[in-house]
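Peer 1: test case, fold it:
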Amino acid sequence: MHYSGRCIAGVGAVCGLACIGIGVLIGYFARDASVPNKEPETAYLKSCRGECQTQEDQVKSCTIPYPGNYVSYYLHGKTITIDGKLDDEAWKEVSSTENFVDIRGLDYPAPRLETRVKLRWDDTNLYVGAYLQEPHVWTTFTEKDTRLYKNNAFETFFDVDGSMQMYKEFEINALNTTWDLMLTRAYMDGGDFVDWEGIADKAVYTDGVVNDPSSKPTFWSLEVVFPFVNLAENTTRHSGPAVDGEVWFMVLARPQYETEVVNGKYQKVPGSKASWYSWVPVGAVNLHLPSKWGLLEFSKGQPQKNPTFSFSRWTTYQALFDIFNAEKTFNAVNAGYVSDLKLLTLPPYITSGDCVHTINVQVNNDQFEVTLRSKTEPRVTAHINNNRTVWFT
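Peer 2: All right, here's what the predicted structure looks like:
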């Protein structure tokens, strides 16, 4: 999330005066004489008003809008047959995620193929079901734990304790080949992956034949079973089932390649690169940015359409992420971190002191640690360091 620095001082007051002044000048010279005292709404004025108003509202409410989110409902005794078809009653009674978007952001063209996902859970497992529209079901990988993203595939990522560390990645293709791994932390933060065996069962279904252009398929779908004990491995989270209201960080994605038919067989168009579709946009072709993921909430309530999502810790998390990003930006220009927040470009909900307080930044050469408390969680101290590790005390 990016914020302009022009509205920081006075929580939008200076910005408002500047906008009004420029608007008056533009209106004076561009005013239509047939409409007395009516000033045209310039693009600049609209932009300034929208941004400044948003920032003022955040300061007043101390509430930052949620990223993409999904509520997963408890099964309450219902069962799911793992055959890849998503035709069980347990799937039919819950809504899917929003259709996937371009991973880079909403300003990019929407994907031409539909992708939607559903998630449910019981006392042992988290169940993921996905539908992928596809007129050309193609992949070549058949060996487990190979880099499936180099062909068409589906991917899930879970950060079960909100630490941005030891998060789990799972990939599967239309041949039911899988790759499951665990990331110590994001690659750009110096992380690496380690082997992980994450699932209890899986299945893929397609309405045509994989790698056969003559079968004319229209989609493939899948079901995967993740035991909670496996997802909690090497994290601070307990190994038991979710509790009502528990929230994880999650992202879902799909690498999609252009194919062509040569001698009756699919092949990747030479020189082509993948288009990346994701459940929430992360702002770059990089899924390993856990602070940019969406949120998954577990509910023991009865399934509802368009349920209300709630996560009291979100403003605290966003403040940590905003300060972390500001430190990284400062370091890129000045080759060092800084403990003086006045030297960082931060949004008004942080700098006003009304929503986030007792902020402290400790800098030690090429390392830093931020601690803060927020109005939404006054008794909790939140931390983040230069490796993007988050923890609470």
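Peer 1: show me how the protein divides into domains.
Peer 2: 5-61, 69-299, 314-392 (automatic domain parsing).
Peer 1: mind checking how far residue 173 is from residue 226?
Peer 2: Per CB to CB, to the nearest Å, residue 173 is found 18 Å from residue 226. C-beta here means a position set from N, CA and C on the backbone, and glycine is covered the same way.
Peer 1: using JSON lines, lay out the domains of the chain together with mean neighbour count.
Peer 2: Output for these, formatted as JSON lines (neighbours: other CB atoms under 10 Å):
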{"stretch": "domain 5-61", "mean neighbour count": "14"}
{"stretch": "domain 69-299", "mean neighbour count": "18"}
{"stretch": "domain 314-392", "mean neighbour count": "17"}
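Peer 1: and of these, who's closest to residue 308?
Peer 2: When these are compared for distance to residue 308 using CB to CB, the nearest one is domain 69-299, at 8.3 Å.
Peer 1: quick one: residue 86 is in a helix?
Peer 2: No - according to DSSP: H, G, I helix; E, B strand; the rest coil, residue 86 belongs to no helix; its state is coil.
Peer 1: all helices for this structure, in order.
Peer 2: 13-30, 43-61, 89-92, 228-231, 314-334, 348-351 (DSSP state H).
Peer 1: give me the residues contacting the third one.
Peer 2: Just to be clear, that refers to helix 89-92. Applying CB atoms under 8 Å, 6 or more residues apart in numbering, the contact partners of helix 89-92 are 75, 78, 79, 80, 118, 120, 129.
Peer 1: try the longest one
Peer 2: For helix 314-334, the external contacting residues (CB under 8 Å, 6+ apart) are 1, 3, 62-64, 66, 162, 291, 295, 336-338, 341, 343-347, 349-350, 355-356, 359, 361, 368, 370, 372, 374-377, 380, 382-384, 386, 388, 390.
Peer 1: now it: average pLDDT?
Peer 2: Across helix 314-334, the average pLDDT comes to 96.
Peer 1: again with the last one
Peer 2: When pLDDT is averaged along helix 348-351, the result is 93.
Peer 1: helices and strands around that helix, which ones?
Peer 2: Applying 3 or more CB pairs under 8 Å, 6 or more residues apart in numbering; DSSP states H and E, one finds that helix 348-351 contacts helix 43-61, helix 314-334, strand 356-364.
Peer 1: quick one: mean pLDDT for the first one?
Peer 2: When pLDDT is averaged over helix 43-61, the result is 61.
Peer 1: circling back: lowest average pLDDT across the domains of the chain?
Peer 2: Among these, domain 5-61 scores lowest, at a mean of 47.
Peer 1: start to end distance for stretch 276-291?
Peer 2: 18 Å (CA to CA, to the nearest Å).
Peer 1: now do that stretch: distance to the chain's middle.
Peer 2: 6 Å (CA atoms, centre = their mean, to the nearest Å).
Peer 1: and stretch 69-87, by the same measure?
Peer 2: 22 Å.
Peer 1: how far does it stretch from one end to the other?
Peer 2: Stretch 69-87 has an end-to-end distance of 24 Å (CA to CA).
Peer 1: rewinding a little: and the two most separated of the contacts of helix 89-92?
Peer 2: Between all members of these, the farthest pair (by CB to CB) comes out as 79 and 118, at 14.9 Å.
Peer 1: ok, for the spatially most central residue of the chain, nearest residue in space, not its chain neighbours?
Peer 2: Centroid-nearest residue in the chain, with CA atoms, centre = their mean: residue 293, separated by 2.0 Å. Setting aside the residues directly before and after it, residue 293 is nearest to residue 251 in space (CB to CB, 6 or more residues apart in numbering), at 4.1 Å.
Peer 1: roughly how far does that neighbour sit from residue 57?
Peer 2: Taking CB to CB, one finds residue 251 at 27 Å from residue 57.
Peer 1: ok, now residue 217?
Peer 2: 47 Å.
Peer 1: sorry, back to before: hmm, the residue nearest to the centre of the chain is touching residue 249, no?
Peer 2: Yes - in terms of CB atoms under 8 Å, residue 293 counts as a neighbour of residue 249; the distance is 4.6 Å.
Peer 1: gap between the nearest residue to residue 387 once chain neighbours are set aside and residue 384?
Peer 2: Leaving out its chain neighbours, the residue that sits closest to residue 387 by CB to CB, 6+ apart is residue 189, at 4.9 Å. To residue 384, residue 189 is 11 Å away according to CB to CB.
Peer 1: one step back: which residues touch the residue nearest to the centre of the chain?
Peer 2: Going by CB under 8 Å, 6+ apart, residue 293 touches 67, 157, 159, 249, 250, 251, 280, 282.
Peer 1: among these, which are in strands?
Peer 2: 157, 159, 249, 250, 251 (DSSP state E).
Peer 1: can you put those residues in TSV and add distance to residue 181?
Peer 2: Putting the ones in strands among the contacts of residue 293 into TSV (distance: CB to CB, whole Å) gives the following:
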residue	distance to residue 181
157	10
159	14
249	17
250	16
251	15
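Peer 1: mind telling me the two of the residues you listed farthest from one another?
Peer 2: For these, the farthest-apart pair by CB to CB is 159 and 251; their separation is 9.0 Å.
Peer 1: what residues are shared contacts of those two?
Peer 2: Shared contacts of residue 159 and residue 251 (CB under 8 Å, 6+ apart): 290, 293.
Peer 1: now the closest residue to residue 153 other than its chain neighbours: how far from residue 179?
Peer 2: Of all residues not flanking residue 153 in the chain, residue 173 sits nearest, at 4.5 Å (CB to CB, 6+ apart). Taking CB to CB as the measure, residue 173 falls 9 Å from residue 179.
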